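> Below are the sequence and a predicted model for it; my questions follow.
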Amino acid sequence: MPRHEVVSPIPGVFYRRPDPDSPPFVEDGGAVAADQAVGLVEVMKSFHQVAAGAEGTLVEFLVGDEDEVDAGQPVAVVETG
């Protein structure tokens, strides 16, 4: 199956949840829409959504919750098709 890498749009800290008391945006193995958020990147108290970018199944996260990421760094993989 084709695979799509979800990349961080900016450098910062990656979060899998919208806030500490909420469940993750999506779990491994979960279905995602192209415009669906799979996480947030925070830089200087500003939060930016990271969209899946492709419809399919999120097969794995490549970074952990609260890991620092660089702009363009793959953070997750979506299987398409």
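Thanks, I have it. From a predicted model like this one, the values you see are computed outputs, not experimental measurements.
> Who are the packing partners of the one helix or strand His4 maps to?
Using DSSP states H and E, His4 maps to strand 3-7. With contacts defined as 3 or more C-beta pairs under 8 Å, 6 or more residues apart in numbering; DSSP states H and E, the packing partners of strand 3-7 are strand 56-61, strand 74-79. The C-beta positions use only the backbone N, C-alpha and C, and glycine is treated the same way.
> Identify all contacting residues around stretch 58-66.
Applying C-beta atoms under 8 Å, 6 or more residues apart in numbering, the external contacts of stretch 58-66 come out as 3, 5-6, 13-17, 24, 26-32, 38, 52, 69, 73-79.
> By neighbour count, sort out the buried ones in the residues you listed.
Buried members of the contacts of stretch 58-66, scored by 16 or more other C-beta atoms under 10 Å, are 6, 14-16, 26, 32, 38, 52, 69, 73, 75-79.
> ok, now which ones touch Arg3?
Residues in contact with Arg3 (C-beta under 8 Å, 6+ apart) are 59, 77-80.
> what do you get for Thr57?
29-32, 78-79.
> how about a cut-off of 10 Å?
1, 26, 28-32, 77-81 (C-beta atoms under 10 Å, 6 or more residues apart in numbering).
> Find me the pLDDT at it, would you?
Note for Thr57: predicted pLDDT of 97.
> now swap in Phe61 and tell me
97.
> low-confidence ranges in this structure?
Within the chain, no range satisfies pLDDT under 70.
> mind listing the helices for it?
Assigned helices in the chain: none (criterion: DSSP state H).
> Could you find the closest non-adjacent residue to Val69?
Ser8 (4.4 Å; C-beta to C-beta, 6 or more residues apart in numbering).
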